[in-house]
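S.K.: Model the following, please.
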Amino acid sequence: MPRWSESLLKTRVEVDAIDVPDAVTADESYRIKDLLFLVGGVVANATQLAKVRERLQKSLANGPKTKAVRAVAKAIEAELAEIERDLGWAQSRRGKFVLFTNDWMQTFHAQRKADRELDGVALGVDAEQERIVAGGSVASPEALVRLVQLLAAHPPGVPIEYRVVVSGTRS
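M.R.: Next comes the predicted model:
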């Protein structure tokens, strides 16, 4: 199962999302396909990003740069810039915290979903204060106790702030 944190980061050029002009010559089509092939795959760190950019520049230097080829190269570079921003954010203190807590919450989420009385509870992140926030409502004090016990059984290593309301009791 993929980790939730993986969905927060752009790590690949979305080749299918790049607009390729309709009226291109056979040579342009070949060059464009070559550029898209060069940037296909995951870019997980700055070193890989630099290698992809280097391959892209070498390919562009080795042939005619028509308007269509330049347009595709510009779209690829925009995608690479977005990947670069995400990689930088992932290395920041805030990014590391958000990624860590998303992965921790993924593990907790499966266990929380097993207890239907905890359906009204959601977990969030307060990245400024570096804490997890449990918010929502439960139907009984017993459900709240189970929530606290469940979180205590899987400590994230950061403070947890509770904003859970007991909305009613059952007979």
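
S.K.: Let me see the mean pLDDT of the host helix or strand of Ala73.
M.R.: For Ala73, the enclosing helix or strand under DSSP states H and E is helix 67-91. Mean pLDDT, helix 67-91: 93.

S.K.: for that helix, which positions count as buried?
M.R.: Using 16 or more other Cβ atoms under 10 Å as the test for burial, helix 67-91 gives 68-69, 71-73, 75-76, 79-80, 83-84, 86-87, 90. The way it works is simple: take the backbone N, C-alpha and C, and place the C-beta from them, glycine included.

S.K.: got CSV for these, with distance to Gln129 too?
M.R.: Shown next, in CSV, are those (distance: Cβ to Cβ, whole Å):
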residue, distance to Gln129
Ala68, 50
Val69, 49
Ala71, 45
Val72, 44
Ala73, 43
Ala75, 39
Ile76, 39
Glu79, 34
Leu80, 33
Ile83, 29
Glu84, 28
Asp86, 23
Leu87, 25
Ala90, 20
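
S.K.: Tell me which helix or strand comes right after the helix holding Ala73.
M.R.: Immediately after helix 67-91, counting by DSSP H and E, sits helix 93-113.
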